[in-house]
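Student: Sequence first, then the predicted structure:
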Amino acid sequence: MKLLHVDSSITGNESISRRLTADIVAHLRAGRPDIQVVYRDLDAVPVPHQSAALMAARSGAAAGDNMRAEVAAADTALEDFLSADIVVIGAPMYNFGIPSQLKAWIDHLAVPGKTFTYSEAGAAGLCGDKRLIVASTRGGIYSAQSPKATHDHQESYLKGFFAVIGVTDISFVRAEGVRMGDQLKEQALAVAREETSALRAA
Ligand SMILES: Cc1cc2nc3c(=O)[nH]c(=O)nc-3n(C[C@H](O)[C@H](O)[C@H](O)COP(=O)(O)O)c2cc1C
């Protein structure tokens, strides 16, 4: 069984999402020590953003020397995802959405014929065999009953994107309100720890 572990926080050692993804992976590994883990740190080693030159090079146009590394990085992002049975993503809320590093990585997963198909009926996902666990961190509170729920373009985006490519087995481990004082932060971390312990075994 293969597990892809992706972090995207830019806050280094202070990062809460990095702590949560590490705990999630440790929890899954405790039940399945034979899991093979591939780790990607999108802050330390960012993937290239989509661009006209990258799209052209990936669609078969002769890639100049300057594009080869970008094509390889985009291909690796897709291959990492396709070969994983479980994907654990650290997804902080930054400016109401996800980090641009994570968005750039996700952009390389939206490949017709690989992760979804188009037909007259619309898009059909090809990734229904994968399990996704998202470690979601946010400074404020945006869950359903909150007056700020409509500002959530982070979890709602991730749910929408991965649903389109067919991933229906999605769990969120959430620490929210972590910038609303020490007491709320500790409560949020305790909730996230409980959610991690409750994750079913791999
Ligand atoms: C660049 C940046 C933008 C942020 N934007 C938001 C935001 O829009 N809403 C919010 O509730 N918290 C926001 N926060 C707070 C983070 O969501 C919070 O600190 C969370 O712990 C970030 O995850 P991390 O600790 O793994 O980096 C922001 C933090 C940073 C560093």
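Tutor: Alright, I've got the coordinates. Numbering: from 1, shown residues only.

Student: going forward, measure contacts between C-alpha atoms and count neighbours the same way
Tutor: OK.

Student: Could I get the full set of helices for this protein?
Tutor: For the chain, the helices defined by DSSP state H occupy 16-31, 52-58, 65-82, 100-107, 155-164, 182-198.

Student: Out of those, name the one with the poorest average pLDDT.
Tutor: Looking at these, the lowest mean pLDDT belongs to helix 52-58 (a mean of 90).

Student: send the alpha carbons of that one over as PDB?
Tutor: Taking C-alpha atoms only, helix 52-58 is exported to PDB below (Å, rounded to 0.1, in the frame of the first residue of the first chain):
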ATOM      1  CA  ALA A  52       1.300  28.500 -21.800                       C
ATOM      2  CA  ALA A  53       4.800  27.200 -22.300                       C
ATOM      3  CA  LEU A  54       4.300  24.300 -19.800                       C
ATOM      4  CA  MET A  55       1.000  23.300 -21.400                       C
ATOM      5  CA  ALA A  56       2.500  23.400 -24.900                       C
ATOM      6  CA  ALA A  57       5.500  21.300 -23.700                       C
ATOM      7  CA  ARG A  58       3.300  18.800 -22.000                       C
END
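
Student: Pull out the buried residues from it.
Tutor: Neighbour counts over helix 52-58 (16 or more other Cα atoms under 10 Å) mark Ala53, Leu54, Ala57, Arg58 as buried.

Student: and it, what other elements does it pack with?
Tutor: Helices and strands touching helix 52-58, by 3 or more Cα pairs under 8 Å, 6 or more residues apart in numbering; DSSP states H and E, are helix 65-82.

Student: Quick check: buried residues in the helix it packs on?
Tutor: Glu70, Val71, Ala73, Ala74, Ala77, Leu78, Asp80, Phe81, Leu82.

Student: Wait, the first one touches Pro48, no?
Tutor: Translated: Glu70. Yes. The pair Glu70 / Pro48 is scored as a contact, 6.1 Å apart, by Cα atoms under 8 Å.

Student: Before we move on, what's the pLDDT of the spatially most central residue of the chain?
Tutor: Nearest to the mean C-alpha position of the chain, counting by Cα atoms, centre = their mean, stands Ile89 at 3.6 Å. Residue-level confidence at Ile89 comes out at 99, pLDDT.

Student: Run through the bridge partners of it.
Tutor: Per DSSP bridges, the residues bridged to Ile89 are Val6, Val134.

Student: Up against the ligand, what does this structure have?
Tutor: Within reach of the ligand by Cα under 6 Å from any ligand atom, the chain has these residues: 9-11, 15-18, 92-96, 137-140, 178.

Student: Apply 5 Å and report the result again.
Tutor: By Cα under 5 Å from any ligand atom, the residues of the chain that approach the ligand are 9, 11, 15-17, 92-96, 137-140.

Student: of the residues you listed, buried ones?
Tutor: Using 16+ other Cα under 10 Å, the buried ones in the residues of the chain next to the ligand are Ser9, Ser15, Ile16, Ser17, Pro92, Met93, Tyr94, Phe96, Thr137, Arg138, Gly139, Gly140.
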